[in-house]
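Engineer: Quick one, structure for this:
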Amino acid sequence: MSNADIIAAHYDASDQGDLAGMLAPLGPETTWTEAAGFPYAGTYVGPEEVRENVFEAIARDWDGYTFTLGELLDAGDAVIGLGSYQATHRVTGRSFTARVAHVWKFDGGKLASFEQIVDSAPVVRAAGER
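Structural biologist: Okay, the predicted model is just below:
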């Protein structure tokens, strides 16, 4: 499988609600960075930290949280997913749509890092934060 195929499989798993499939490309030393200003901002290491601090937190706080992939760009050791997030906050009832880029970097055929670049303002507004 190419690096782009690995990431395409991650997004396919996301579309199916398959968390194990989404986490499958992550190794114990893979870093996962959620953007500053995003509600789950920070850098997490390995699939368990990502599961707990990103995906479980999102599931706790949002209904219908989805990522819609618009384009997948293959740059060899880097793969970029462009798309948008949508969800409704469980407490405020407010919805949002936000543009996002995911930058996936590989080293020696293994996923080394993920970085989220997102317009977090609509997300923060929907969550009722300032």
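Engineer: give the contact list for T97.
Structural biologist: By Cβ atoms under 8 Å, 6 or more residues apart in numbering, the contact list for T97 reads S84, Y85, Q86, P122. (C-beta placed from N, C-alpha, C; glycine too.)
Engineer: beta partners for it?
Structural biologist: Note on T97: beta-bridge partners by DSSP bridges are Q86.
Engineer: Stretch 86-102: how far from the chain's middle?
Structural biologist: 13 Å (Cα atoms, centre = their mean, to the nearest Å).
Engineer: Flag every buried residue along it.
Structural biologist: By neighbour count on 16 or more other Cβ atoms under 10 Å, the buried set for stretch 86-102 is Q86, A87, H89, F96, A98, V100, A101, H102.
Engineer: in the helix ranked longest in the chain, what's buried?
Structural biologist: Scanning the chain for the helix with the most residues, using DSSP state H, yields helix 3-15. Neighbour counts over helix 3-15 (16+ other Cβ under 10 Å) mark N3, A4, I6, I7, A8, A9, H10, Y11, A13, S14 as buried.
Engineer: cool, stretch 61-72 as well?
Structural biologist: Within stretch 61-72, judged by 16+ other Cβ under 10 Å, the buried ones are D61, W62, F67, L69, L72.
Engineer: CA-only coordinates of it, as CSV, when you get a sec.
Structural biologist: The C-alpha coordinates for stretch 61-72 follow below in CSV (Å, rounded to 0.1, in the frame of the first residue of the first chain):
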residue,chain,number,x,y,z
ASP,A,61,-19.2,16.7,23.1
TRP,A,62,-20.7,16.5,19.6
ASP,A,63,-23.5,14.9,17.7
GLY,A,64,-23.0,13.9,14.1
TYR,A,65,-19.3,14.9,14.0
THR,A,66,-18.1,14.2,10.5
PHE,A,67,-15.1,14.9,8.3
THR,A,68,-15.9,15.1,4.6
LEU,A,69,-12.9,14.6,2.4
GLY,A,70,-12.8,16.9,-0.6
GLU,A,71,-9.3,16.1,-1.9
LEU,A,72,-6.4,13.8,-1.1
